[in-house]
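Here is my input, please return the structure:
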Amino acid sequence: MDDADLANAVVRPLAQYLIRKQQAGAAVFDARLESLLNHLEVMLSDAYLAETLERFKSEPGDAGLADTLRIQLARRLREDPDAARRLRSELADMPLTETKPTRKAGRAPLIGGAVVVVLVLVAWLVLSGGEPGESGDAAPLTTTTTSTTTRTTDSTTTTTAPSSPVTSSSVVSAAPTSARAGDGSSLAAGSRVFLVGLPMPNDQWTFQHGDHDVQLTQYNAAVWDDLNSCYSSRRSTKQQFRLKNFKRLEVSAIGTDGTSDPGLSVKFSVFVNTEEVQPLHEVVVGPGESKPLAVDLPPGVFALTLQMSLVTVDEKNCTRGNAVWGSPHVIAGSN
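Residues are numbered from 1 along each chain as shown. Predicted coordinates:
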């Protein structure tokens, strides 16, 4: 079981258990799962991770929060192999404890029996790493809104300010079917597709995705990741998407979110195909700033990589924050 599978084997059963506790209250209690939850609270003691866990505990039925926690837990396990070993050991060695539901007077025995059945199922899920069914992301959406832009040209790329933020209320048509996902030729020229709807290598997310803010302004279909100056592995992060027959990338806003350290400066870079050194386009966003980003894609693009990097590294004070791409989308070219 790798780190991603281990994180999933922990988060999924806990989500089901916490949902059941919210529904049935004191009638549901499993000492084994409570111990596992306490283990997570100790492991995710960093302020940012602890906040994610608390939100998950208060809204365990939110698939987005569960996915976020799973991604962050898997990353934590990769960074700390000893923590991963201890968690695997706890799952393997911790004996099942007797579940003692509290019943109110006058309730039929059938209710208590149903609770026991549910808890046995939850315990089995923890041991087997099974999943009670994924709640996948909504189908990617496209829009047919158009905009008038003022174009400026430099020696390498042509950029303009992107149109107004693409929101779900402006969506008028569906994205291409899964068989044509990432292929702009299956859309009318000028159609827009959020990056969260594009294929990824091995279908693996590095970034987090969903609704998120850039300097307290909310954007849908955003992608983001955390940066931390005290960890070399967290000073830069990137995510690749696969696509073809798209002519332009637009991002409504780039910058840090409202929870980030106020002095953070971040460099946002766009790479195409297999290039890893020379970006197609690059923008530095200073403390408290929010900027749009737009760049024309050269012909023959088959991969797009977004990268965020800290501009300055302060190892002593451990500056950290979430670098966010607000509503990034690509525009289909002519068929």
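
Summarise which helices and strands the helix or strand harbouring residue 224 is packed against.
Assigning secondary structure by DSSP states H and E places residue 224 in strand 217-228. Applying 3 or more C-beta pairs under 8 Å, 6 or more residues apart in numbering; DSSP states H and E, we find strand 217-228 packed against strand 208-214, strand 236-242, strand 246-256, strand 303-310, strand 320-326. Every C-beta, even on glycine, is put in place using the N, C-alpha and C of the backbone.

Turn those strands into a markdown table, including distance to residue 58, mean neighbour count and mean pLDDT.
Converted to a markdown table, those look like this (distance: least, C-beta to C-beta, whole Å; neighbours: other C-beta atoms under 10 Å; pLDDT from 0 to 100):
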| stretch | distance to residue 58 | mean neighbour count | mean pLDDT |
| --- | --- | --- | --- |
| strand 208-214 | 17 | 20 | 96 |
| strand 236-242 | 27 | 18 | 97 |
| strand 246-256 | 25 | 24 | 97 |
| strand 303-310 | 29 | 21 | 97 |
| strand 320-326 | 20 | 27 | 96 |
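
Save those as a markdown table, and put in distance to residue 197 too.
Below are the helices and strands packed on strand 217-228 laid out as a markdown table (distance: least, C-beta to C-beta, whole Å):
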| stretch | distance to residue 197 |
| --- | --- |
| strand 208-214 | 10 |
| strand 236-242 | 9 |
| strand 246-256 | 12 |
| strand 303-310 | 13 |
| strand 320-326 | 14 |
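
so where's the stretch 101-250 of the chain uncertain?
101-180 (pLDDT under 70).

at 90 instead, please
Along the stretch 101-250 of the chain, the parts satisfying pLDDT under 90 run over 101-182, 185-186, 202-203, 230-233.

on that earlier part again, residue 275 is nearest to which of the helices and strands packed on strand 217-228?
strand 303-310 (8.1 Å; C-beta to C-beta).

Give me the sheet partners of that closest one and which way each runs.
strand 236-242 (antiparallel), strand 266-272 (antiparallel) (DSSP bridges).

and the ones you listed as a markdown table, adding distance to residue 187?
Converted to a markdown table, these look like this (distance: least, C-beta to C-beta, whole Å):
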| stretch | distance to residue 187 |
| --- | --- |
| strand 236-242 | 16 |
| strand 266-272 | 20 |
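
mean confidence for stretch 286-300?
Averaged across stretch 286-300, pLDDT comes to 95.

show me the contacts for residue 251.
162, 292, 293, 294, 325, 326, 327, 328, 329 (C-beta atoms under 8 Å, 6 or more residues apart in numbering).

Tell me the spacing between the fourth one and residue 31.
In this structure, residue 294 lies at 55 Å from residue 31, with C-beta to C-beta, to the nearest Å as the measure.

Counting neighbours, go ahead and name the busier of the two.
residue 294 (21 against 13; other C-beta atoms under 10 Å).

now for the helices and strands packed on strand 217-228, which one comes closest to residue 70?
Comparing the helices and strands packed on strand 217-228 by C-beta to C-beta, strand 208-214 comes nearest, at 10.5 Å.

partners of that closest one, with directions?
In its sheet, and by DSSP bridges, strand 208-214 pairs with strand 217-228 (antiparallel).

Give me the buried positions along the strand it pairs with.
219, 220, 221, 222, 223, 224, 225, 226, 227, 228 (16 or more other C-beta atoms under 10 Å).

repeat for stretch 258-273
Under 16+ other C-beta under 10 Å, the buried positions of stretch 258-273 are 260, 261, 264, 265, 266, 267, 268, 269, 270, 271, 272.

Repeat that for stretch 73-80.
So for stretch 73-80, counting by 16+ other C-beta under 10 Å, buried means 73, 74, 75, 76, 77.

Please apply the same query to stretch 29-47.
29, 30, 32, 33, 36, 37, 39, 40, 43, 44.

Stretch 187-197 too?
Counting neighbours by 16+ other C-beta under 10 Å, stretch 187-197 gives 187, 190, 191, 192, 193, 194, 195, 196, 197 as buried.

what's the farthest-apart pair in those?
Top of the distance list for the buried residues of stretch 187-197 (C-beta to C-beta): 190 and 196, 19.7 Å.

for the closest residue to residue 41 other than its chain neighbours, helix, strand, or coil?
Excluding the flanking residues, the one nearest residue 41 by C-beta to C-beta, 6 or more residues apart in numbering is residue 53, at 6.5 Å. Under the three-state scheme (DSSP: H, G, I helix; E, B strand; the rest coil), residue 53 adopts helix.
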